[in-house]
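Colleague: quick one, fold the following:
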Amino acid sequence: MPTLDWIGKDKVVNHHMDVPYRVLEKKYSCGEDSDNMIIHGDNLSALKSLLPQYEGKIKCIYIDPPYNTGNEGWVYNDNVNDPRIVEWLGKVVGTEGEDLSRHDKWLCMMYPRLKLLHRLLADDGVIFISIDDNEFYYLKMICDEIIKNFVVSIVWQKRTSPEARKKLSSGHEYILVYTKNPDSDIALNLLPLDEKDASAYTNPDNDPRGPWISSPFTAPGYRPNQMYSITTPTGKIVNPPKGRCWCNVEDVYMRLLDEGRMWFGSDGNGVPRRKTYLAEREGRCTWTWWTNSEVGYTQLATQELSAILGKASFDYPKPTRLLERIIKMATSKDSIILDSFAGSGTTAHAVLNMNKADGGNRKFILIEMMDYADTITAERVKRVIDGYGEGKKAVAGTGGGFAFYELGEKLLDGEYLNENIGTDKIREYVYFTETKEKVTYKPDEPHYLGTAFDTAYYFYYEKDKATTLDWVFLETIKTKAHGYVIYADRCILTDEELEKYHITFKKIPRDITRL
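Modeller: Numbers count the residues shown, from 1 in each chain. A predicted model of the protein is given here:
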């Protein structure tokens, strides 16, 4: 498979491994459901902080990264010259980064973020990435390298008319679709049938199975066992047209006829057609051309956001209907949806709308590095939850809620634990990396973390002194298990004693997992 190379690639291919784990500090909650998250901070660090709890659990990822157009005047700075990105490139790529082209910088920024997104994606998960012509081909090549299972590129009609100032005006963007599993049918759903779909089904013969549509019972080509004669209800003998054959062999045709699934026209004298019943349709397929009438367009999205916040406060947001279609295609009612370039918060808005409409319990995680994460992203979500607008333009709230987080300090400061973050955060991290479970608190066993797969975990840590795994500590253990994993600063038990009592000793901080 062809791969893409650029200046600085060797510095970022494995950079996601070096990103320090930072704790997430909750600043406030809004509404009744704080399992939803809005995180303010660099999305590379934030994605790393999600790994212990969410690795392999995100069913749908949607991202709308900078398109790298070179425009620095938008609220959403759409290039890679944002001071935070420039500083990051200087640290990661070094002096070599001074010679990077605009495309080199963009690829350096995207590559480690895609690596972490891939780790967070569930085995049956799907990722959708919005992009335009500036970076489409580069993005596809690095996605082919990292995620591998390309499904399609969707073309979204983002405008309703050409731009008058240009002789040739772009009216579309792309959405690249990738899955973690090579079989994309595992990850994607049919779209629900709507009223327009249902209106095509009728029941002219009063079939007890309800409304139906008919489709031709012929197929192109010549297959000897599908070239039989058919007698219509009026006694007319019909054969396949020239160059075609019947869709099925005669035994299958006879079964369909017995089941009342063949239609010969209202007079019973027509060429046979096969019935498909509305009740049997699980949904409808969609193609890769998404029109503005179906999923909205940029100007409509701007008007939608202005109605919520009272002013045009964000450039080129995505319409809610666009995200609703993506979520319908890629999730069930209890899925987790992640957007790590959250912008104005359209993804959360779409999730809340859908939960209200169908009673679902989908969760969203938004990450936004820019300073408007609270004043625009979170504020929009608050108003969608509570309701917005006045009079005839009032929109009822969806209900739900979220918690707002800031990126906190590093868990590990070089080779040492960062004691500023608190023991509880350290305990939670250690147990998540070991078991993917939440810590259990026992008042009579302060160092106990929990039991998983008949193994009990202990984190024997004291902020102000070194701890020792010895017989004195063992006498404090009350939980019965087949095996034990015990963290401490040092151990004076012999290898024979550890083996005898099925104990695995792990040294703090050396043996704490670095994600």
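Colleague: Leu121 is in contact with Lys115, isn't it?
Modeller: No: under the criterion of Cβ atoms under 8 Å, Leu121 makes no contact with Lys115, lying 11.0 Å away. Heads up, the C-betas are built off the backbone N, CA and C, glycines and all.
Colleague: residues near the nearest residue to Tyr416 once chain neighbours are set aside, how many?
Modeller: Distances taken as Cβ to Cβ, 6 or more residues apart in numbering put Pro509 closest to Tyr416, at 6.3 Å, once the chain neighbours are dropped. A count of neighbours around Pro509, defined by other Cβ atoms under 10 Å, yields 20.
Colleague: ok but Pro509 is inside a helix, no?
Modeller: No: the assignment for Pro509, made by DSSP: H, G, I helix; E, B strand; the rest coil, is coil rather than a helix.
Colleague: Leu121 and Lys115: which has the busier surroundings?
Modeller: Summary of the neighbour comparison: Leu121 and Lys115, criterion other Cβ under 10 Å, with Leu121 having more neighbours (26 against 21).
Colleague: list the contacts of the residue nearest to Tyr416.
Modeller: By Cβ atoms under 8 Å, 6 or more residues apart in numbering, the residues touching Pro509 are Leu412, Glu415, Tyr416, Leu417.
Colleague: can you list the weak-confidence ranges in this protein?
Modeller: Per-residue confidence of the chain (counting by pLDDT under 70) places the weak regions at 33, 70-82, 95-99.
Colleague: ok, longest helix in it?
Modeller: Longest helix in the chain, counting residues (DSSP state H): helix 102-120.
Colleague: on the three-state scheme, Tyr137 is what?
Modeller: For Tyr137, the assignment made with three-state DSSP gives helix.
Colleague: for Glu173, see how far away it is.
Modeller: From Tyr137 over to Glu173 the distance is 14 Å, taken as Cβ to Cβ, to the nearest Å.
Colleague: more neighbours: which of these two?
Modeller: When neighbours are counted by other Cβ under 10 Å, Tyr137 and Glu173 differ, and Glu173 comes out ahead with 23 against 10.
Colleague: which is the next helix or strand following the helix or strand hosting the more buried one?
Modeller: Counting by DSSP states H and E, the element that carries Glu173 is strand 172-179. Next helix or strand after strand 172-179 toward the C-terminus (DSSP H and E): helix 184-187.
Colleague: can you name every helix or strand that the following helix or strand past that next one contacts?
Modeller: The helix or strand immediately downstream of helix 184-187 is helix 195-199, counting by DSSP H and E. On a contact count with 3 or more Cβ pairs under 8 Å, 6 or more residues apart in numbering; DSSP states H and E, helix 195-199 meets no helix or strand.
Colleague: angle of the longest helix of the chain against strand 172-179?
Modeller: Counting by axes from the mean of the first three to the mean of the last three Cα atoms, to 10 degrees, helix 102-120 points 40 degrees away from the direction of strand 172-179.
Colleague: extract the C-alpha set from helix 102-120 and format it as PDB.
Modeller: Backbone C-alpha positions of helix 102-120 (Å, rounded to 0.1, in the frame of the first residue of the first chain) are rendered in PDB as follows:
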ATOM      1  CA  ARG A 102       1.700  24.300   5.500                       C
ATOM      2  CA  HIS A 103       0.800  20.800   4.500                       C
ATOM      3  CA  ASP A 104       3.700  19.300   6.500                       C
ATOM      4  CA  LYS A 105       2.500  21.100   9.600                       C
ATOM      5  CA  TRP A 106      -1.100  20.000   9.200                       C
ATOM      6  CA  LEU A 107       0.000  16.400   8.800                       C
ATOM      7  CA  CYS A 108       2.200  16.600  11.800                       C
ATOM      8  CA  MET A 109      -0.800  17.900  13.800                       C
ATOM      9  CA  MET A 110      -3.300  15.300  12.600                       C
ATOM     10  CA  TYR A 111      -1.200  12.100  12.700                       C
ATOM     11  CA  PRO A 112      -0.900  11.500  16.400                       C
ATOM     12  CA  ARG A 113      -4.500  12.600  17.000                       C
ATOM     13  CA  LEU A 114      -5.800  10.100  14.500                       C
ATOM     14  CA  LYS A 115      -3.600   7.400  16.300                       C
ATOM     15  CA  LEU A 116      -5.400   8.100  19.600                       C
ATOM     16  CA  LEU A 117      -8.800   8.300  18.000                       C
ATOM     17  CA  HIS A 118      -8.200   4.900  16.400                       C
ATOM     18  CA  ARG A 119      -7.400   3.500  19.900                       C
ATOM     19  CA  LEU A 120     -10.600   4.900  21.300                       C
END
